[in-house]
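J.: Need coordinates for the following:
(one chain, ligands or ions: 2)
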Amino acid sequence: MTSNSPVTKATILISGNGSNLQALIDSTSNLLPNLKIVRVISNKAAAYGLKRAAAASIPTTYHNLIAGKYYKSGEPDAAVKQQGREKYDEDLANLILADKPDLVICAGWMHILTPRFLDPLEEARIPVINLHPALPGKYDGAAAIERAFADFEAGKLEDDTTGIMIHYVISAVDRGEPIVVRNIECRKGESLGELQERIHGEEHTLIIEGTQMAISRLWSERGKST
Ligand SMILES: Nc1nc2c(c(=O)[nH]1)N[C@@H](CN(C=O)c1ccc(C(=O)N[C@@H](CCC(=O)O)C(=O)O)cc1)CN2
Ligand SMILES: NCC(=O)N[C@@H]1O[C@H](COP(=O)([O-])[O-])[C@@H](O)[C@H]1O
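T.: Ligands and ions are numbered 1, 2, ... in the order given. Got it, this is the predicted structure:
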């Protein structure tokens, strides 16, 4: 990244602690000086990542699925719930588009995005990328580390190796084109917590690397060098 590289505006989606968000915030003073985080959005009110963003003077929004806006309390039927999810996603897209970001980064965003979100972002040519703690095509979805660990303990993990990746987000969950992948070897006698600790450490560097690569690609596709 050169000093006259274009500024890349990014919106970051979180659901929890925000340690990967913190890695991105910290990177703006060294590895990613031209990254401007314009908003952090969480689907969980208690997400500590919202506090991390506020401490860095980054605008935050809590976008809540069940605030009475998307469906009435109680147990709506599946069709009503799906309609609520799709309206939620449409509103999320509009919230993001209003900031005119260049990139959206899912950093521990634990909500499956429907085409009602993905289509408007694609229309606006705003790539969405995601950090997933598994190798391409393995352990799609939530609790990926736990599932890989269980397979390792059962002697069923291929090459005793799991991993992490940054990938483009498409409708098929965790099946978008990988941007960068890192293998992580499981170790005999290691606890799940120790593996998670090791993986989180690797994530904090991989999310910077993957974001750098996504930034380079988006600007080269727009005909600008970074
Ligand atoms: N359409 C897509 N949406 C999302 C993707 C994606 O690749 N395509 N990546 C995920 C992130 N993710 C794994 O990396 C993931 C997160 C959460 C879930 C999930 O099952 N969520 C449940 C709710 C779970 C909860 O609230 O604890 C749900 O949405 O019903 C799957 C995959 C981001 N979204
Ligand atoms: N399927 C997505 C998924 O499981 N993402 C995982 O959520 C955690 C967020 O941690 P953080 O809130 O400390 O950044 C990370 O471990 C990330 O891999």
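J.: okay, the helix or strand of the chain with the lowest mean pLDDT in PDB with CA atoms only?
T.: For the chain, scoring each helix and strand by mean pLDDT, DSSP states H and E identifies helix 78-97 as the least confident one, at a mean of 93. Extracted as PDB, the C-alpha positions of helix 78-97 are listed here (Å, rounded to 0.1, in the frame of the first residue of the first chain):
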ATOM      1  CA  ALA A  78     -41.600 -20.200   9.700                       C
ATOM      2  CA  ALA A  79     -42.900 -18.200   6.800                       C
ATOM      3  CA  VAL A  80     -43.500 -15.100   9.000                       C
ATOM      4  CA  LYS A  81     -40.000 -15.600  10.500                       C
ATOM      5  CA  GLN A  82     -38.400 -15.800   7.000                       C
ATOM      6  CA  GLN A  83     -40.300 -12.600   5.900                       C
ATOM      7  CA  GLY A  84     -39.000 -10.900   9.000                       C
ATOM      8  CA  ARG A  85     -35.400 -12.000   8.300                       C
ATOM      9  CA  GLU A  86     -35.600 -10.800   4.700                       C
ATOM     10  CA  LYS A  87     -36.900  -7.300   5.800                       C
ATOM     11  CA  TYR A  88     -34.200  -7.200   8.400                       C
ATOM     12  CA  ASP A  89     -31.600  -7.900   5.800                       C
ATOM     13  CA  GLU A  90     -33.100  -5.300   3.400                       C
ATOM     14  CA  ASP A  91     -32.900  -2.700   6.200                       C
ATOM     15  CA  LEU A  92     -29.400  -3.800   7.000                       C
ATOM     16  CA  ALA A  93     -28.400  -3.200   3.400                       C
ATOM     17  CA  ASN A  94     -29.900   0.200   3.300                       C
ATOM     18  CA  LEU A  95     -28.200   1.100   6.600                       C
ATOM     19  CA  ILE A  96     -24.900   0.200   5.100                       C
ATOM     20  CA  LEU A  97     -25.400   1.700   1.700                       C
END
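J.: Could you tell me which residues within that helix count as buried?
T.: Buried residues in helix 78-97, defined by neighbour count with 16 or more other CB atoms under 10 Å: 84-85, 88-89, 92-93, 96. For the C-beta atoms, the positions are set from N, CA and C on the backbone; glycine is no exception.
J.: what comes into contact with that helix?
T.: Contacts to helix 78-97, defined as CB atoms under 8 Å, 6 or more residues apart in numbering, come from residues 11, 39, 41, 61, 63, 65-66, 69-71, 76, 104, 113-114, 116-117, 120-121, 124, 126.
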